[in-house]
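K.L.:
Coordinates for the following, if possible.
(chains A and B)
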Amino acid sequence: EDQVTQSPEALRLQEGESSSLNCSYTVSGLRGLFWYRQDPGKGPEFLFTLYSAGEEKEKERLKATLTKKESFLHITAPKPEDSATYLCAVRENTGNQFYFGTGTSLTVIP
Amino acid sequence: DTEVTQTPKHLVMGMTNKKSLKCEQHMGHRAMYWYKQKAKKPPELMFVYSYEKLSINESVPSRFSPECPNSSLLNLHLHALQPEDSALYLCASSHASGRGAGETEAFFGQGTRLTVV
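P.N.:
Model prediction:
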C-alpha cells in the first residue's frame, strides 16, 4: 500500500533560521508529489507539484526538491507568516486517489 | 482560476436534522472529492467522483450521502449525524486519471466547519 511519512511532526524556528521538512514516500508508480500549506480552520493551499527525481520548484522562501524516495521542502529565512502546517501528498499513475502524510506543523518565532 | 467554492462555511446541526454541503468548481476538473479533517490530523478521504460517477467510497457510514449532479457541482447530504462527526469537511477537485501528463494536482475549497449538537 502507498505510504507517505512526514518529519518532523512539529518544528519551531526563529525568524531567519532556515530549515527543511521531509516527506518520504512509497508508491508503485508516481504521477506526482504535491506540497500544500494549511492554516488552522482553512482548506489546504496548493504550493508545488513535482513529477520526477531531480526536479526542483521555488516560490518566494520555499523550495521543493524530489528524489526517488523522498521530497524536501526547504524554507529559507522564514518569517512568522510562514507558520502553518505543511502537507505532502502523492498520486499514483493510475486512479484518482491522493495519499497524504500527517503534516509538519511549523511555527516561526519573531 | 483555481477556486473551489464550498457553502456554507459554518454549520451547526442537531442529530435529527438533514442538511447538505455544497461544492462548486469551474476548472473543468472531472474528479471531485470529499474529505473529513479532524483537528491536527491530515485530510481523510471519504468519497471520489470520476466523470460524475462514484468511484471510491471509503466505507463511510450511510448517514453521509454524496451526490454529483453535474461536472461542476458536488453535494454531501447529511442525516442523523453523531457528535463525533463534527469536523472540517473539505471538497477538492482535480483532472481525472487518464487525462495525460501535467496538471495532476488537486485544489481544495476552504471547507465547511460542521458542529453536531
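K.L.:
Please make it C-alpha for all contacts and neighbour counts, starting now.
P.N.:
OK.
K.L.:
nearest residue to A:R91 other than its sequence neighbours?
P.N.:
A:F98 (4.9 Å; CA to CA, 6 or more residues apart in numbering or on different chains).
K.L.:
Tell me the pLDDT of the one you found.
P.N.:
We have a pLDDT of 93 for A:F98.
K.L.:
Over to the one 5 residues further on?
P.N.:
The per-residue pLDDT reported for A:G103 equals 97.
K.L.:
mind checking pLDDT for the nearest residue to it once chain neighbours are set aside?
P.N.:
Once flanking residues are discounted, A:G103 sits nearest to A:L87: 4.5 Å by CA to CA, 6+ apart. Note for A:L87: predicted pLDDT of 98.
K.L.:
Next up, the contacts around A:L87.
P.N.:
A:W35, A:Y36, A:R37, A:Q38, A:P44, A:F100, A:G101, A:T102, A:G103, A:T104, B:P42 (CA atoms under 8 Å, 6 or more residues apart in numbering or on different chains).
K.L.:
Over to B:T104?
P.N.:
Applying CA under 8 Å, 6+ apart, the residues near B:T104 are A:R31, A:G32, A:T49, B:S94, B:H95.
K.L.:
give me that answer again for 7 Å
P.N.:
Applying CA atoms under 7 Å, 6 or more residues apart in numbering or on different chains, one finds that B:T104 lies in contact with A:G32, B:S94, B:H95.
K.L.:
So which of these are in strands?
P.N.:
A:G32, B:S94 (DSSP state E).
K.L.:
Just send the contacts of B:T104 back as a markdown table, with pLDDT too.
P.N.:
Listed next are these as a markdown table, based on pLDDT from 0 to 100:
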| residue | pLDDT |
| --- | --- |
| A:G32 | 94 |
| B:S94 | 95 |
| B:H95 | 93 |
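K.L.:
which one among the contacts of B:T104 gets closest to A:A53?
P.N.:
Nearest to A:A53 among the contacts of B:T104, counting by CA to CA, is A:G32 at 10.6 Å.
K.L.:
nearest residue to the closest one other than its sequence neighbours?
P.N.:
With CA to CA, 6+ apart, the residue lying closest to A:G32 is A:Y51, at 4.7 Å.
K.L.:
ok, back up a step: is it possible to get CSV of the contacts of A:L87 that adds distance to A:S18, secondary structure and neighbour count?
P.N.:
Output for the contacts of A:L87, formatted as CSV (distance: CA to CA, whole Å; DSSP: H, G, I helix; E, B strand; the rest coil; neighbours: other CA atoms under 10 Å in any protein chain shown):
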residue, distance to A:S18, secondary structure, neighbour count
A:W35, 18, strand, 24
A:Y36, 19, strand, 21
A:R37, 17, strand, 21
A:Q38, 20, strand, 19
A:P44, 23, coil, 25
A:F100, 24, strand, 24
A:G101, 22, coil, 22
A:T102, 22, coil, 22
A:G103, 18, coil, 30
A:T104, 15, strand, 22
B:P42, 25, coil, 20
